[in-house]
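> Mind folding the following:
(one chain, ligands or ions: 1)
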Amino acid sequence: MSTSGGHDDRLAWAAGEISRWFPTSARDLPWRRVRTPWRALVSEFMLQQTQVSRVAERFEPFLEAFPSPLAMVEAGEDAVLAKWSGMGYYRRARMLHAAAAAIVEQHGGVVPEDAATLETLPGVGRYTAGAIASIACGQSSPIVDGNVDRVFARLTADGSTPGAKGREARRWEEAEVYVAAADCPEVANEGLMELGALVCQPKAPQCLICPLARRCCALEAGKVGEIPPPKPRPKKKLVEMQVGVAWSGKKLLLARRPDSGLFAKTMFPPEAEAFPSSAEGRPLAEVRHQTTHRDVRVQVFVFPDGSKVSGAEWKHPDDPELALTSLASKIIALARQNHEDGSEEAASS
Ligand code: SF4
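As a prediction, this is how the structure comes out:
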């Protein structure tokens, strides 16, 4: 724990200010309307690396399909992947299913309410465990995510670079002091994240309307624009793929990706080299796709209608049960356009 009285006092003061600010400033979001640990768990998995507005659209239909951990386990991993379609980062969907299985097997189907037990679930790290324990269960558990890190760095004028030695540990200590001072941990913690998302934003902090402005060290020192300094970005890994598209009527040839690795277990056009006569492939386009760590370039080839590939199946690409990444959907849209253009040409000649 920090030993600085003024520092800790500032954090405790912030807990009170944010707890008063949040109830009148909170966005109306689906997972806030009805609070249960399961809904909180699902929302936290969805919100990792997906925009709030997109999750807001998808949240209730997803919960309708999987209203409990048991319902998710009974539906199976493929059904979860299919419902996750288009949200990206499919590993989260697989981990959510694994967490549901652990809840059913080890906790009688009831989501644990304390952070230490939550952290034993697959895919649940310290932040997610703290968020569920505090926001859904009212426990005094600290949370640190990107928003919290930025607010505390500015509030305390911590000019260290994200990732610098000792910074993360310091942030967790501050989050503990902060939440321990709160009358309602759920309000203080959720309000802290909301303040980071709506007011103390990375590029355009709105200090004029910020409830922390009176005692914000970065504001006082005129260093808001410098804190936090930009994080050094690791170079993205280049991934090159070659895939083939082939139609049979309105159905497209799709194969399930391997159980691990990029786009694992989702449906994707087969690798071009898997076609028996790969030389028959005609180049159609190159599709590029960025993930946090990868720059993916896919060369798409068109193969004759009715081509066969071992392990691939004819699927209607609009089937809502298909687990399709946004990259697969992009490739399918191109393939469909090409197919329709080809059909029109054939009809007019
Ligand atoms: S006063 Fe400005 S920099 Fe300080 S916490 Fe508020 S928005 Fe962030």
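> Strands of this protein, residue ranges please.
With strands called from DSSP state E, the chain shows them at 237-245, 247-248, 251-256, 267-268, 282-290, 294-302, 313-315.
> quick one, which of those is packed in tightest?
Counting by mean count of other CB atoms under 10 Å, strand 267-268 has the highest mean neighbour count of these, with a mean of 24. Every residue, glycine included, has its C-beta placed from N, CA and C.
> pLDDT on that one, on average?
The predicted model assigns strand 267-268 a mean pLDDT of 95.
> Quick check: neighbours of it in the sheet, parallel or antiparallel?
Partner strands and pairing direction for strand 267-268 (DSSP bridges) are strand 251-256 (antiparallel).
> pLDDT score for the closest residue to Phe45 other than its chain neighbours?
In this structure, Phe45 finds its nearest non-sequential neighbour in Leu96, 4.5 Å apart by CB to CB, 6 or more residues apart in numbering. Leu96 carries a pLDDT value of 98.
> what does Ser4 give?
Ser4 carries a pLDDT score of 57 in this model.
> same check, this time on Ser343
Predicted confidence (pLDDT) for Ser343: 63.
> Same question for Val80.
The predicted structure scores Val80 at 96 on the pLDDT scale.
> isn't it right next to Phe66, touching?
Yes. With contacts counted by CB atoms under 8 Å, Val80 reaches Phe66, the gap being 6.9 Å.
> what do the two both touch?
Common neighbours of Val80 and Phe66 are listed as Met72 (criterion: CB atoms under 8 Å, 6 or more residues apart in numbering).
> Tell me the helices and strands packed up against the longest helix along the chain.
Within the chain, and with DSSP state H defining each element, the longest helix by residue count is helix 326-348. Contact here means 3 or more CB pairs under 8 Å, 6 or more residues apart in numbering; DSSP states H and E; on that basis helix 326-348 packs against strand 237-245, strand 251-256, strand 282-290, strand 294-302.
> So for the ligand, which of those sits nearest?
Comparison of those against the ligand by CB to the nearest ligand atom identifies strand 282-290 as nearest, at 29.0 Å.
> before we move on, the earlier item: could you dump the helices and strands packed on helix 326-348 to CSV with mean pLDDT?
CSV is the format used below for the helices and strands packed on helix 326-348 (pLDDT from 0 to 100):
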stretch, mean pLDDT
strand 237-245, 95
strand 251-256, 96
strand 282-290, 94
strand 294-302, 95
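> now those strands as a markdown table including distance to Leu118?
Rendered in a markdown table, the data for those read as follows (distance: least, CB to CB, whole Å):
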| stretch | distance to Leu118 |
| --- | --- |
| strand 237-245 | 31 |
| strand 251-256 | 31 |
| strand 282-290 | 32 |
| strand 294-302 | 29 |
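> And those strands: which comes nearest Tyr90?
The stretch from the helices and strands packed on helix 326-348 with the least distance to Tyr90 (CB to CB) is strand 251-256; that distance is 12.1 Å.
> Can I get that closest one in PDB, CA atoms only?
This file holds the C-alpha atoms of strand 251-256, laid out as PDB (Å, rounded to 0.1, in the frame of the first residue of the first chain):
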ATOM      1  CA  LYS A 251     -23.800 -22.400 -51.300                       C
ATOM      2  CA  LEU A 252     -20.200 -21.600 -50.600                       C
ATOM      3  CA  LEU A 253     -17.400 -24.000 -49.700                       C
ATOM      4  CA  LEU A 254     -16.300 -23.300 -46.100                       C
ATOM      5  CA  ALA A 255     -14.000 -25.200 -43.700                       C
ATOM      6  CA  ARG A 256     -13.700 -25.100 -40.000                       C
END
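> From Gln206, how far off is the closest residue to the ligand within the stretch 51-200 of the chain?
Closest residue of the stretch 51-200 of the chain to the ligand, CB to the nearest ligand atom: Cys200 (3.2 Å). In this structure, Cys200 and Gln206 are 8 Å apart, going by CB to CB, to the nearest Å.
> Between the two, which is the more surrounded one?
Cys200 (27 against 12; other CB atoms under 10 Å).
> who in the stretch 151-300 of the chain is up against the ligand?
For the stretch 151-300 of the chain, the residues found near the ligand under the criterion CB under 6 Å from any ligand atom are 151, 154-155, 199-200, 205-207, 210, 212-213, 216, 218-219, 224.
> Just the buried ones among those residues, please.
Buried members of those, scored by 16 or more other CB atoms under 10 Å, are 151, 154-155, 199-200, 205, 210, 212-213, 216, 218-219, 224.
> if we can go back for a sec, next, give me the two most distant ones among the residues of the stretch 151-300 of the chain next to the ligand.
Once CB to CB is applied, those give Leu155 and Gln206 as the farthest pair, at 14.6 Å.
> okay, now the residue nearest to Phe45: neighbour count?
26.
> list the contacts for it?
If a contact means CB under 8 Å, 6+ apart, then Leu96 has 41-42, 45, 72, 80, 123 as its contacts.
> So the protein: which segments form each domain?
As assigned by automatic domain parsing, the chain contains the domains 5-226, 237-348.
> you'd agree Val287 is up against Val300?
Yes. Here Val287 lies in contact with Val300, judged by CB under 8 Å, at a distance of 6.2 Å.
> the helices in the protein, which residues?
5-25, 30-33, 37-47, 52-65, 69-75, 77-83, 91-107, 115-118, 126-131, 146-155, 167-180, 185-198, 217-221, 326-348.
> This completes my enquiry, with thanks.
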